[in-house]
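Enquirer: take this sequence and fold it.
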Amino acid sequence: MSSAPFAVGLTGGIGSGKSTVADMFAARGASIVDTDVIAHGMTAPDGPAMPAIATEFGKEFVDASGAMDRASMRELVFSDAGAKARLEAILHPRIRDAALAAAASATGKYVIYAVPLLIESGTWRARVSRVLAVDCDEQVQIARVMARNNLPEAQVRAIMAAQVSRAQRLAAADDVIVNNAGIGDLEAQVDRLHAFYQQLRRKFAGNFAE
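Expert: Down below sits the predicted model:
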């Protein structure tokens with residue numbers, strides 16, 4: 001079970017299909033700990049990070065519901081590296097603690113941490129046994145995000161430029177899922193890796209017991 005010291009770090013650029021892949025692994029019995037979901041909870045109405053965000057950035061970054069004003073904050077952190085660092089100082093320790101707590105209580109066959117910034121974060125890389133990158137062609141990625149988020153191409157490219165490069169992500173990955181084709185092809189890749197990860201999980205569990 002997931003108490004064995006084996007975990008996978010799942011990452012990929014915006015629009016690569018990380019969430020779809022995570023859902024496929026979950027359907028096969030893996031426990032998914034999604035740091036994006038945790039972050040949204042932290043910054044939801046009256047979320048645990050909201051008092052610190054309001055204090056650090058001011059009420060103008062809190063919307064009428066008590067949640068973080070995501071549009072205003074996104075605009076700020078893309079243009080101000082200092083503001084980005086201040087926001088990360090608030091969110092990252094809280095996200096890390098919540099993610100580790102979720103993993104500790106997970107009951108799946110193994111844990112997958114879905115972490116968009118896994119490659120950039122040395123601490124997350126050290127916590128996982130394998131890094132799995134979801135990859136797709138750049139034009140496919142751009143088209144997906146434009147359609148999903150109703151964003152202009154220039155803004156999508158700016159978001160991509162703020163992330164680790166595709167080459168860096170692939171170089172850091174132990175395993176890669178290519179998400180350019182249809183769902184059937186994606187399912188087949190997930191099936192192969194799920195079987196492989198279960199083998200590794202059993203090996204890690206045996207070593208851990210020795």
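Enquirer: mind listing the strands for this protein?
Expert: 7-12, 31-34, 111-114, 130-135, 175-178 (DSSP state E).
Enquirer: which elements pack onto the first one?
Expert: It stands for strand 7-12. Contacts defined by 3 or more C-beta pairs under 8 Å, 6 or more residues apart in numbering; DSSP states H and E place strand 7-12 against helix 18-27, strand 111-114, helix 122-127, strand 130-135. No exception for glycine: its C-beta is placed from N, CA and C like everyone else's.
Enquirer: could I get the strands of the chain as a markdown table with distance to residue 84 and mean neighbour count?
Expert: Shown next, in a markdown table, are the strands of the chain (distance: least, C-beta to C-beta, whole Å; neighbours: other C-beta atoms under 10 Å):
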| stretch | distance to residue 84 | mean neighbour count |
| --- | --- | --- |
| strand 7-12 | 19 | 25 |
| strand 31-34 | 21 | 21 |
| strand 111-114 | 21 | 26 |
| strand 130-135 | 23 | 22 |
| strand 175-178 | 28 | 18 |
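Enquirer: which residue lies nearest the spatial centre of this structure?
Expert: residue 115 (2.5 Å; C-alpha atoms, centre = their mean).
Enquirer: re the thing from before, out of the strands of the chain, nearest to residue 69?
Expert: strand 31-34 (22.2 Å; C-beta to C-beta).
Enquirer: kindly export that closest one (C-alpha atoms) in PDB.
Expert: Output in PDB follows, covering the C-alpha atoms of strand 31-34 (Å, rounded to 0.1, in the frame of the first residue of the first chain):
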ATOM      1  CA  SER A  31      -3.600   7.800  -4.700                       C
ATOM      2  CA  ILE A  32      -3.300  11.300  -6.300                       C
ATOM      3  CA  VAL A  33      -2.100  14.200  -4.200                       C
ATOM      4  CA  ASP A  34      -2.600  17.300  -6.400                       C
END
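Enquirer: what's it in contact with?
Expert: Strand 31-34 is contacted by residues 2, 19, 22-23, 25-26, 99, 102-103, 106-114 when judged by C-beta atoms under 8 Å, 6 or more residues apart in numbering.
Enquirer: rerun that using 6 Å as the cut-off
Expert: 2, 22, 26, 99, 102-103, 106, 108, 111-114 (C-beta atoms under 6 Å, 6 or more residues apart in numbering).
Enquirer: adding distance to residue 77 and mean pLDDT, write the strands of the chain out as JSON lines.
Expert: Below are these laid out as JSON lines (distance: least, C-beta to C-beta, whole Å; pLDDT from 0 to 100):
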{"stretch": "strand 7-12", "distance to residue 77": "19", "mean pLDDT": "95"}
{"stretch": "strand 31-34", "distance to residue 77": "20", "mean pLDDT": "96"}
{"stretch": "strand 111-114", "distance to residue 77": "21", "mean pLDDT": "96"}
{"stretch": "strand 130-135", "distance to residue 77": "24", "mean pLDDT": "96"}
{"stretch": "strand 175-178", "distance to residue 77": "29", "mean pLDDT": "98"}
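Enquirer: noted, bye for now.
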